[in-house]
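Participant: Sequence and predicted structure are below.
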Protein chains: 2
Amino acid sequence: MSMATPRSTVRRLPGRGSYDRGVLNAILDEGLVCHVGFVVGGQPYVIPTTYGRRGAQLYLHGSAASRMLKAMRGGIPVCVTVTHLDGLVLARSAFHHSMNYRSAVVLGIAQEVVDPEERWAALRAIVDHVVPGRWDEVRPPSESELRATLVLRLAIDEASAKIRTGPPVDDDADYALTFWAGELPMRTTVLPPIADPLLASGIRVPTHVTGYRRPNGAGLD
Amino acid sequence: MSMATPRSTVRRLPGRGSYDRGVLNAILDEGLVCHVGFVVGGQPYVIPTTYGRRGAQLYLHGSAASRMLKAMRGGIPVCVTVTHLDGLVLARSAFHHSMNYRSAVVLGIAQEVVDPEERWAALRAIVDHVVPGRWDEVRPPSESELRATLVLRLAIDEASAKIRTGPPVDDDADYALTFWAGELPMRTTVLPPIADPLLASGIRVPTHVTGYRRPNGAGLD
């Protein structure tokens, strides 16, 4: 795929790299927080934030006043990374310790979205990315809220995924050692919802909350 | 504290910012993966990796061949961010949706560690950061493994923490709406260990695995 450029090509352990859009989208869609990298005055900043995806576009949003988004607004280079930690990999040697993970790295130029319809669709995508079905059961943004919100688009054109799974891989000689080796799996779990203490009585917990679930299956039962 | 500089000062929602070393260290110590930002040819890159802490120093490591660490080796500016997602905050309005989280952002110049004793201590700190007690029950690095490993130090001097907790905060008028509002708490959980299929018989699971626990209490019982 064209997503592999010299900049987005996985150099370290290239066998773990993937440029398949389906693989990349699955990692992006499961994530809740991305880490956005941008440069101001030569200094990189890495800021956690939410995001949404529509087709081959990633959307970010935030206050029109935020330093991150202000810096991006002119269309500066960014890197958006989403990482899922799936487990700790304990090898017999310190050197071969590792982690099982899935990560997606998207490089490109983030551009401000100005078209009102695309802005609306992007904000909906972000809210529904985090809590599917939520957008239809909230008060939508007002005109003044929209004015205070900057929406940015990043094309998923230059990107890579990196995945490690499975047990440790030790040096041949080390398999004779008596140290325990294996994996400690890690998961992100969702706990039962906590109602706002100011919630009016008689409001039921909606099914998009009681049935909350990430694409990988993690969620409430 | 001196950790608050014009660059590290939290601008957005400054009430959520902290420059207390204890607060910052707690966030760093609980994390397993950081996102390291660095710049190559004007392009920011954000890469997930492990780390360790010794006092006011963060340590990163990796293959001497990796692009990230090669770029850092000359002492270039980096940003190391650690984020814990604690919950999704569902407000009555789309605009006030948020997340509960704790994040630490450390800015500075990463320097290569060349002193053999500091390199050893840093590698031990990284392994024991991820799995406390592990270093004493593995084969330590050989001379050739040490040569293949680049170790970097980043002083925790210019840094900030940002924390959000609690229920949504809606506009006054919106509390009369009948939309459900509250929090969906999220946790990172550790699942029972999976032994390496190639593990020799008779090797017990060590207590640093059976009793695995993060500083916040998450772990195996």
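Facilitator: Done, it's in. None of the values given here were measured: they were computed from a predicted structure.
Participant: which phi and psi does the residue lying closest to A:D128 once chain neighbours are set aside have?
Facilitator: Nearest residue to A:D128, sequence neighbours excluded (CB to CB, 6 or more residues apart in numbering or on different chains): A:W135, at 5.0 Å. No exception for glycine: its C-beta is placed from N, CA and C like everyone else's. A:W135 adopts backbone torsions of phi -60, psi -30, taken as degrees, to the nearest 10.
Participant: Enumerate every residue touching A:W135.
Facilitator: Residues near A:W135 by CB atoms under 8 Å, 6 or more residues apart in numbering or on different chains: A:R124, A:V127, A:D128, B:A94.
Participant: what do you get for A:S63?
Facilitator: A:L69, A:A148, A:T149, A:L150, B:R12.
Participant: Can you give me the neighbour number for the third one?
Facilitator: The one in question is A:T149. Residues lying near A:T149 (other CB atoms under 10 Å in any protein chain shown) number 18.
Participant: Just the pLDDT for it.
Facilitator: The confidence metric pLDDT takes the value 93 at A:T149.
Participant: circling back to that earlier point, what is the nearest of the contacts of A:W135 to B:A176?
Facilitator: Each of the contacts of A:W135 was checked against B:A176 using CB to CB; the closest is B:A94, at 16.8 Å.
Participant: Against chain A, how distant is the closest one?
Facilitator: Computed as CB to the nearest CB, to the nearest Å, the B:A94 to chain A distance reads 5 Å.
Participant: doesn't A:A122 make contact with that residue?
Facilitator: No. Assessed by CB atoms under 8 Å, B:A94 is found out of contact with A:A122, at 11.7 Å.
Participant: count of residues packed around A:P116?
Facilitator: 9.
Participant: For chain A, which residues score under the pLDDT cut-off?
Facilitator: Judged by pLDDT under 70, chain A has its weakly predicted residues at A:1-2, A:65, A:67-69, A:72-73, A:221.
Participant: all strands for it, in order.
Facilitator: A:17-18, A:34-40, A:43-49, A:52-54, A:57-63, A:77-90, A:98-109, A:111-112, A:149-155, A:158-164, A:182-190, A:194-195 (DSSP state E).
Participant: excluding its backbone neighbours, what's nearest the residue of chain A positioned farthest from its centre?
Facilitator: Here chain A reaches farthest from its C-alpha mean at A:A176, the gap being 39.9 Å by CA atoms, centre = their mean. Among residues not flanking A:A176 along the chain, B:A200 sits closest, at 7.7 Å (CB to CB, 6+ apart).
Participant: cool, A:I126 as well?
Facilitator: Of all residues not flanking A:I126 in the chain, A:G52 sits nearest, at 3.7 Å (CB to CB, 6+ apart).
Participant: any idea how far the one you found is from B:H84?
Facilitator: Distance check for A:G52 against B:H84: by CB to CB, to the nearest Å, it reads 22 Å.
Participant: and what of A:L191?
Facilitator: As judged by CB to CB, A:L191 and B:H84 stand 14 Å apart.
Participant: Which one's more surrounded, the two?
Facilitator: Taking neighbours as other CB under 10 Å, A:L191 and B:H84 compare with B:H84 leading, 22 against 14.
Participant: surely the more buried one meets B:D29?
Facilitator: No. In this structure, B:H84 is not within contact of B:D29 by CB under 8 Å, at 11.1 Å.
Participant: Dump the longest helix along chain A to CSV, keeping only the CA atoms.
Facilitator: Using DSSP state H, we find that the single longest helix of chain A is helix A:116-130. C-alpha atoms of helix A:116-130 as CSV (Å, rounded to 0.1, in the frame of the first residue of the first chain):
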residue,chain,number,x,y,z
PRO,A,116,-19.7,23.4,8.8
GLU,A,117,-21.0,20.1,7.6
GLU,A,118,-17.6,18.4,7.9
ARG,A,119,-17.0,20.0,11.3
TRP,A,120,-20.4,18.6,12.5
ALA,A,121,-19.6,15.2,11.1
ALA,A,122,-16.2,15.2,12.7
LEU,A,123,-17.4,16.1,16.1
ARG,A,124,-20.1,13.4,15.9
ALA,A,125,-17.4,10.9,14.8
ILE,A,126,-15.2,11.8,17.8
VAL,A,127,-18.1,11.5,20.4
ASP,A,128,-19.3,8.3,18.8
HIS,A,129,-15.8,6.9,18.6
VAL,A,130,-15.4,7.2,22.4
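Participant: And it, what does it pack against?
Facilitator: Packing contacts for helix A:116-130, counted by 3 or more CB pairs under 8 Å, 6 or more residues apart in numbering or on different chains; DSSP states H and E, involve strand A:52-54, strand A:57-63, strand A:149-155.
Participant: Spatially, what comes nearest to A:T165 if we skip its sequence neighbours?
Facilitator: A:N100 (5.4 Å).
Participant: nope, A:R164 is what I was after
Facilitator: In space, and not counting its chain neighbours, A:R164 is closest to A:N100: 5.2 Å by CB to CB, 6+ apart.
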